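Undergrad: Take a look and give me a structure for this.
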Amino acid sequence: MDLVKCINVNKSFGNKQILKNVNLTIPRGKIIGLLGKNGTGKTTLIKLINDLLTISSGEILINGEKIGINSKKIISYLPERTYLDKSMTIDQVIEYFQDFYDNFDTKKARKLLKDLSLDTTLKLAKMSKGMQEKVQLVLVMSRKADLYILDEPLGGVDPATRDYILDTILTNFNDGASVIISTHLIADIERILDEVIFIDNGQIILQSDTDLLRTKENSSIDDIFRRMFKC
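TA: Predicted coordinates for the structure are as follows:
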């Protein structure tokens, strides 16, 4: 059974249609890049899968069930903008996640944070943007989820931090789970991708295994993307 299945999914805001007849499947055990220019529908699709927006028409199934309470339990979501209270300390945020999510692994989170040599009594507001991004990623990846959805996890951080984030994603997601990464920084992330989904003007224009696509086009995923989306 596919982990995620989108069937003729449409989403409009007023008279503006954002997603148009989106059909896709997400298998288990894959790291998948959701790739497209800004404003093409990536975040809208992610929010629909997370049940944060209501579908205009069509259907999304998670583990064969309609999205709802059960799907929220098995999806770990990193939004583009933080929802954490920056006046909280890291210890307080860990307690918050422990109370809120049954599948949160506190021991794993503390180990990853220790690897960063972080003082967990420190408030988020006292930390750099890059360090805040690392903390948020650690929290998301410390849940024993079936699906991890990361919306622009590399935005606004330095190359060294990007490498840390990619390595954390690669080595810490739950066995048999899948990861969807939405990003426009393709060159930085393509080394860890098993599959790619290209989205443009609210429509899926390509879904492919990365190695097969590179072989077929004799190019990197970044180069293929630049050709397809050339202005």
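
Undergrad: The helix or strand of the chain with the lowest mean pLDDT packs against which elements?
TA: Least confident helix or strand, the chain: helix 159-172 with a mean of 83, by mean pLDDT, DSSP states H and E. The contact analysis (3 or more Cβ pairs under 8 Å, 6 or more residues apart in numbering; DSSP states H and E) places helix 159-172 against helix 106-115, helix 129-141, helix 186-189. (C-beta placed from N, C-alpha, C; glycine too.)

Undergrad: Most tightly packed of these?
TA: Of all these, helix 129-141 carries the top mean neighbour count, a mean of 21, counting by mean count of other Cβ atoms under 10 Å.

Undergrad: quick one: average pLDDT of the next helix or strand after that helix?
TA: Going down the chain from helix 129-141, the next helix or strand is strand 147-151, by DSSP states H and E. When pLDDT is averaged along strand 147-151, the result is 95.

Undergrad: go on, stretch 51-59?
TA: Mean pLDDT, computed over stretch 51-59, is 95.

Undergrad: picking that back up, quick one: the helix or strand that the least confident helix or strand of the chain is followed by to chain centroid distance?
TA: Downstream of helix 159-172, the first helix or strand assigned by DSSP H and E is strand 178-183. Put simply, strand 178-183 sits 4 Å off its chain's centre (Cα atoms, centre = their mean, to the nearest Å).

Undergrad: do you know which of the helices and strands packed on helix 159-172 lies nearest residue 216?
TA: helix 186-189 (17.0 Å; Cβ to Cβ).

Undergrad: What are the contacting residues of the closest one?
TA: With contact meaning Cβ atoms under 8 Å, 6 or more residues apart in numbering, helix 186-189 is reached by 33, 35, 154, 159, 162, 166, 181, 183, 220, 221, 222, 225.
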